[in-house]
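Undergrad: Please work out how this folds:
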Amino acid sequence: MEEQRVFGKIRIGIGLLITIFSVWAAPSQTPQDIRALRVSPAVSGVYAGTECQFSLIIPEANPSDVQAETPSLPPEVSFISMRRTGYIKDGVQAGTEIDVWLKFSTAKEYSLPPLKVTIRSRSYSIPFDSLSVLQDPSTMLPVFVLRFDNGTEVTGSQKITGPLFTVSAGDSVRFTVFVQYAVNVMNLEWTVPKDSLLTQTVKYEPAAGTAQNGRVSTDRMPVARFEWQPLTPGTAAVPGMHCTASAYSGSRVVLSQPAVRITVVRGEKKTSQAPDHGEDYFAYAFTETSNGGTPELRPSVSGADCARLAVLRSRERNVLFQRKSAAERRAFEVQIGISDGFNEPSVPLFKLVLLGVAAGVLGALVLFLLKKRNAAGVCAGAAFALCVVAVLLGRQVYAEYGIYKGGSIHSVPDESPVSYRLPTAGSG
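TA: Numbering: from 1, shown residues only. Here you go, the predicted structure:
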């Protein structure tokens, strides 16, 4: 009996030693480690009306050593659930993870009360990260955004009274059309104000607005880039843009920009200083003689007008049936106050004549081999006639010429006046 009591005391002592050793050997949390802990959202974007997960990772602590209380929350925040699991790192349990699910009813900035946890019988208050809750994009209607290259932005919901900025007449104003909170964009159309030129420089491929993780995206979707040139001084309306966009809810919305304007001022004109003829023996050749009448005043032609005329003439020479293009070019020449010029040669007609020459020569050779000499002679004659026509058309097509803007004429090539060169055959 005495021997059993001795063995019992020995077993109790061994148990106490094991308990003391486990407590001593267990990793402890220092106050500095606890102060570094934060309850952080699991995703970067937190949206109102949706559940959001927050996580707290306590390293070097077993789940059985950690307890967490239900957090005290403001009225706009609802508690959904809370879970405590082991934190696995590199395949080994390295601590405890506490996950809390909350739901925010209002989009605004939040500073939540700390989460109270107990680690090995010690109580701590772990703060939540400050977060900004955003409006859920899936519940929002698409927004039209117009961004100019100078940094000015206009959205479809803005109300703007005065001009946005000031530019010189003839200068290029570049801008990009975006759509936000949309799945897809289609049917982009625009209206060009009077006395201005508008060119679409880039058209972006339609991109889906859903992110890879299944959540909707708040990124702006580029639609197209434009280059706009207001030509006359005054207050000019920005080209009107409108399109149809698909919302995340499945509905289609017609978007348009607000009516905005810019101020256009008269651009500086570069005037060349009149040459001092002095002892120039040919000075009389540059002197205008007075005829006693009033000189005819004509409106000045700007560089943008010359560029536009070059485009119209290039378009005229690159079509087979030139009636419509020639009429548009003549109307523009009348509009800017210059005389009607010659018609452009047709590049497609020139190529068609060349094709006829090749076909006539080939037909003549085939008929000659078939010993049909009369028919071969007819084909050869037709090919020769077409060859003459091709030579005459080729001289017109490959002639190099340009549009003269005006100014002083000099014999020195370096001081030649400004001109706009027209493309030759084969160029667009």
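
Undergrad: ok, the residue nearest to the spatial centre of the chain - contacts?
TA: When CA atoms, centre = their mean is applied to the chain, the residue found nearest the centroid is Pro222 (4.1 Å). When contacts are counted by CB atoms under 8 Å, 6 or more residues apart in numbering, Pro222 touches 176-178, 204. Bear in mind the C-beta positions are built from the backbone N, C-alpha and C, glycine included.

Undergrad: Can you tell me which of those residues end up in strands?
TA: 176-178 (DSSP state E).

Undergrad: May I ask which of these has the most neighbours?
TA: When neighbours are taken as other CB atoms under 10 Å, the top entry among the ones in strands among the contacts of Pro222 is Val177 (25 neighbours).

Undergrad: wait, it sits on Ala224?
TA: Yes: with contact defined as CB atoms under 8 Å, Val177 reaches Ala224; the gap is 5.2 Å.

Undergrad: okay, now the closest residue to Tyr248 other than its chain neighbours: neighbour count?
TA: Excluding its sequence neighbours, the residue lying closest to Tyr248 (CB to CB, 6 or more residues apart in numbering) is Ser138, at 4.1 Å. For Ser138, the neighbour count with other CB under 10 Å is 17.

Undergrad: May I have the secondary structure class of Ser138?
TA: With DSSP: H, G, I helix; E, B strand; the rest coil as the basis, the three-state label of Ser138 is helix.

Undergrad: First-to-last residue distance for stretch 43-58?
TA: Stretch 43-58 has an end-to-end distance of 19 Å (CA to CA, to the nearest Å).

Undergrad: next one: stretch 117-126
TA: First-to-last distance for stretch 117-126 - CA to CA - comes to 7 Å.

Undergrad: Could you pull out the buried residues of that stretch?
TA: Of all the residues in stretch 117-126, those buried under the rule 16 or more other CB atoms under 10 Å are 117, 119, 124, 126.

Undergrad: which one of the contacts of Pro222 is nearest Ala36?
TA: Of all the contacts of Pro222, Ala36 sits closest to Phe178, with 40.7 Å by CB to CB.

Undergrad: how close does the closest one get to Asn187?
TA: Distance of Phe178 to Asn187, computed by CB to CB, to the nearest Å: 16 Å.

Undergrad: With Val260 instead?
TA: The value you get for Val260 to Asn187, if CB to CB is used, is 21 Å.

Undergrad: more neighbours, those two?
TA: Higher neighbour count among Val260 and Asn187: Val260, with 17 against 10, using other CB under 10 Å.

Undergrad: which residues touch that one?
TA: Val260 touches 146, 154, 160, 164, 237-238, counting by CB under 8 Å, 6+ apart.

Undergrad: follow-up on the earlier one: strand partners (parallel or antiparallel) of the host helix or strand of the residue nearest to the centre of the chain?
TA: When elements are assigned from DSSP states H and E, Pro222 belongs to strand 221-230. With DSSP bridges as the test, strand 221-230 is paired with strand 173-180 (antiparallel), strand 196-203 (antiparallel).

Undergrad: Nearest to Val265, out of the ones you listed?
TA: Short answer: strand 173-180, nearest of the strands paired with strand 221-230 by CB to CB, at 13.1 Å.

Undergrad: who's in contact with the closest one?
TA: Residues contacting strand 173-180 (CB under 8 Å, 6+ apart): 142-149, 167, 185, 188, 201, 218-230, 241, 243, 245, 255, 262.

Undergrad: Go again with 6 Å.
TA: With contacts defined as CB atoms under 6 Å, 6 or more residues apart in numbering, strand 173-180 is touched by 142-143, 145-149, 167, 185, 220-228, 241, 245.

Undergrad: Stretch 149-164 now?
TA: Contacts for stretch 149-164 (CB under 6 Å, 6+ apart): 143-147, 174, 255, 258, 260-263.

Undergrad: 7 Å - rerun?
TA: 143-147, 165, 174-175, 235, 255-258, 260-263 (CB atoms under 7 Å, 6 or more residues apart in numbering).

Undergrad: Identify those among those that sit within strands.
TA: 143-147, 174-175, 235, 255-256, 261-263.

Undergrad: And those residues, which of them are buried?
TA: Neighbour-count burial (16+ other CB under 10 Å) is assigned, among those, to 143-147, 175, 255, 261-262.

Undergrad: what do Val177 and Ala224 both touch?
TA: Common neighbours of Val177 and Ala224, using CB under 7 Å, 6+ apart, are Leu188.

Undergrad: Flag the shaky bits of the chain, pLDDT-wise.
TA: 1-33, 206-216, 268-303, 337-341, 400-428 (pLDDT under 70).

Undergrad: Tell me how it divides into domains.
TA: 31-134, 138-265, 303-421 (automatic domain parsing).

Undergrad: So which residues of the stretch 1-150 of the chain form helices?
TA: For the stretch 1-150 of the chain, the helices defined by DSSP state H, counting those that start in this stretch cover 2-25, 31-35.

Undergrad: should've said the stretch 201-350 of the chain
TA: Counting by DSSP H, counting those that start in this stretch, the helices of the stretch 201-350 of the chain are 303-317, 323-335, 347-369.

Undergrad: hmm, back to that, want to throw the contacts of Val260 into TSV with distance to Gly250?
TA: Shown next, in TSV, are these (distance: CB to CB, whole Å):
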residue	distance to Gly250
Leu146	26
Val154	27
Ile160	31
Leu164	35
Ala237	34
Val238	31
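
Undergrad: Got a quick PyMOL command for the buried subset of those residues?
TA: Buried subset of the contacts of Val260, written as a PyMOL selection, criterion 16+ other CB under 10 Å:
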select buried, resi 146+154+164+238
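
Undergrad: re the thing from before, beta partners for the residue nearest to the centre of the chain?
TA: Pro222 has the following beta-bridge partners by DSSP bridges: Phe178.

Undergrad: The strand or helix carrying Val391 versus helix 303-317: what angle between them?
TA: According to DSSP H and E, Val391 maps onto helix 373-397. Helix 373-397 runs at 180 degrees relative to helix 303-317, counting by axes from the mean of the first three to the mean of the last three CA atoms, to 10 degrees.

Undergrad: helices or strands next to helix 373-397 in the packing?
TA: Secondary-structure packing of helix 373-397 (3 or more CB pairs under 7 Å, 6 or more residues apart in numbering; DSSP states H and E): helix 347-369.

Undergrad: Buried residues of the helix it packs on, list them for me.
TA: 347, 349-351, 353-354, 356-357, 360-361, 363-364, 367.

Undergrad: now those residues in a markdown table, with distance to Pro113?
TA: Below are the buried residues of helix 347-369 laid out as a markdown table (distance: CB to CB, whole Å):
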| residue | distance to Pro113 |
| --- | --- |
| Val347 | 78 |
| Leu349 | 83 |
| Phe350 | 83 |
| Lys351 | 81 |
| Val353 | 87 |
| Leu354 | 85 |
| Gly356 | 89 |
| Val357 | 91 |
| Gly360 | 94 |
| Val361 | 94 |
| Gly363 | 95 |
| Ala364 | 99 |
| Leu367 | 101 |
